[in-house]
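Colleague: what's the 3D shape of this:
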Amino acid sequence: MIRLQLAAFATALALAACTSTAPRTLSDPAIDYAALRAFAWRSAPRTAAPAHPLDSELLEKRVRALASDALTARGFVADEAAPHFTLRSSLLAKDAAGSGKPRVSIGLGMGSYGRGSGGSVSLGTSTAVGGSQAELNLLIEVHDARSGELVWQGWRKVSDRIGQTGDPELERAVRAILADFPPRR
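Modeller: All right, here's what the predicted structure looks like:
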């Protein structure tokens, strides 16, 4: 019984890890992040057709306000005239792995019933119904203000609810991403 409970717990942990929305970050280890105190925003280049309908100036404005509040609450200063670093945000969309694409499956089976026994081999394909689902990631980048070089980036998987005004997911995502900035050494 205990083994069954442990196996169920391990399976639940593995599934939680696969569906985690924990933020991930990359940083340049050569940067003195303690010297970065003042920030400004720079706009992400806009294309005629965004990667996702939610990737808009409206969402960017909400991310800027939330991120600016989170940074100033931690002692950073907004300074458009002389920033140490600039920030940029965007929403990245990609097709979820395997969605909408044909999948091949192979099945093997053996069984017995009474005195008889048998086996089977099957081969089949399937395609997800309902079209492809996009995986959305909110990305926040930090650039050195003088050189323009990317020095830090953080991202987190989000749902399309972040476009709804009043839904707390966007604020949670922004705060979670920026919790790892500046990187701890």
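
Colleague: from here on, contacts and neighbour counts on C-alpha atoms
Modeller: Noted.

Colleague: list the buried residues for stretch 61-79?
Modeller: Neighbour-count burial for stretch 61-79 flags R62, V63, R64, L66, A67, S68, A70, L71, V77, A78 (criterion: 16 or more other CA atoms under 10 Å).

Colleague: biggest separation within those, which pair?
Modeller: Greatest spatial distance among these (CA to CA): R62 and V77, at 18.3 Å.

Colleague: who touches stretch 145-160?
Modeller: With CA atoms under 8 Å, 6 or more residues apart in numbering as the test, stretch 145-160 has contacts from 21-28, 31, 54, 83-86, 135-144, 169-170, 173, 177-178, 180.

Colleague: inside helices: which ones of those?
Modeller: E169, L170, A173, I177, L178 (DSSP state H).

Colleague: what's around the residue nearest to the second one when sequence neighbours are not counted, how many residues?
Modeller: Yep, that's L170 we're talking about. Distances taken as CA to CA, 6 or more residues apart in numbering place I162 nearest to L170, at 5.0 Å, with adjacent residues excluded. The number of residues packed near I162 is 19, by other CA atoms under 10 Å.

Colleague: which residues touch I162?
Modeller: P168, E169, L170.

Colleague: narrow these to just the buried residues.
Modeller: Applying 16+ other CA under 10 Å to the contacts of I162 flags E169, L170 as buried.
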